[in-house]
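1. sequence first, then the predicted structure:
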Amino acid sequence: MSGHLAPNASGSRASLAALVLGGRCPCGRAGASPCPACAATARTGAPGPTPSGLDLLIAGRAYDGITREVVARVKYRNERAAIDWLVAPVVAGILARGIPLDDLTVTWAPTTDTRRRARGFDHAALLAAAVARSLGRGSRSTLRRLDPHPQTGRARSARLAGPRFVALAAVRSPVLVVDDVLTTGGTLTAAARALRAAGARTVLAACVARTDGARARAAGHARNAPEPRSGPQGGDR
Ligand SMILES: [Zn+2]
């Protein structure tokens, strides 16, 4: 057991939190979620087109395997111990690209009011806060969601149309929108549209995971499929 709890460069804080909170990896091991062995199986690099309306997209991991399980645990069970692990590749990508951080507004595409009330939190806000914290910034709420329908479970055509957002106030600095899973890109495109309408000239986005095209198409036809272990089919919210 001690092997799974040993501090390491990327997971010591998460491991400690998991110990305190009684965390457990999706594989069943007590301690960090994910445990080092499962974390090592995560696929990085998630190629694909940049959704329209964005100047740059930074995609973290591929949305499968352990990454998919951990995203679901954050989203549906509010397991916060894994958040730093989820955002780490995105943070590294932002730093590697030399994006100026001084004027950067870090924000998120909010989920529906119904979802947020039911869960008691907005997981995208948690991810944005974690990214911002890692960059030495704060995160800020900039968008309100007008569309009451969650993206999860919608047909691909409806997902592509995206939800509707409106900015809460003028947005003038470069903006980074953080989201969990990119499937069609409809959510980020809609968020970018609202931010530009409010004055943002440069809109960057970061998603912690990205589906491949085949999985995205499958998701559009899987509305009645059984839920995976940790929750419903993921994807743009
Ligand atoms: Zn594990």
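-> Noted; the coordinates are in hand.
2. and the pLDDT at the residue nearest the centre of the chain?
-> Closest to where the C-alpha atoms of the chain average out (CA atoms, centre = their mean) is Asp180, at 1.7 Å. In this model, Asp180 is scored at 93, pLDDT.
3. what does Thr111 give?
-> Confidence score, pLDDT, at Thr111: 89.
4. near the ion, which residues of this protein are found?
-> 25, 27, 29, 35, 38 (CB under 5 Å from the ion). Every C-beta, even on glycine, is put in place using the N, C-alpha and C of the backbone.
5. so the third one touches Cys35, yeah?
-> In this case it means Arg29. Yes - at 4.6 Å, Arg29 counts as touching Cys35 under the criterion of CB atoms under 8 Å.
6. okay, the two: which has more neighbours?
-> Cys35 (24 against 20; other CB atoms under 10 Å).
7. please tell me how far the more buried one sits from Pro100.
-> Distance of Cys35 to Pro100, computed by CB to CB, to the nearest Å: 36 Å.
8. try Arg210
-> On the measure of CB to CB, Arg210 and Pro100 end up 24 Å apart.
9. and for Pro174?
-> Relative to Pro100, and taking CB to CB, Pro174 is found at 7 Å.
10. okay, the helix or strand containing the residue nearest to the centre of the chain in PDB with CA atoms only?
-> Using DSSP states H and E, Asp180 sits in strand 175-182. These are the backbone C-alpha positions of strand 175-182, laid out as PDB (Å, rounded to 0.1, in the frame of the first residue of the first chain):
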ATOM      1  CA  VAL A 175      -9.700  35.100 -22.200                       C
ATOM      2  CA  LEU A 176      -9.000  31.500 -21.500                       C
ATOM      3  CA  VAL A 177     -12.100  29.300 -21.400                       C
ATOM      4  CA  VAL A 178     -11.600  26.000 -19.500                       C
ATOM      5  CA  ASP A 179     -13.900  23.100 -20.100                       C
ATOM      6  CA  ASP A 180     -13.900  19.400 -19.300                       C
ATOM      7  CA  VAL A 181     -14.500  17.300 -22.300                       C
ATOM      8  CA  LEU A 182     -14.500  18.500 -25.900                       C
END
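11. give me the helices and strands touching the next helix-or-strand element following that strand, please.
-> Note on strand 175-182: by DSSP H and E, the next helix or strand toward the C-terminus is helix 186-197. In this structure, helix 186-197 packs against strand 143-145, helix 156-161, strand 165-167, strand 175-182, strand 203-210, with contacts taken as 3 or more CB pairs under 8 Å, 6 or more residues apart in numbering; DSSP states H and E.
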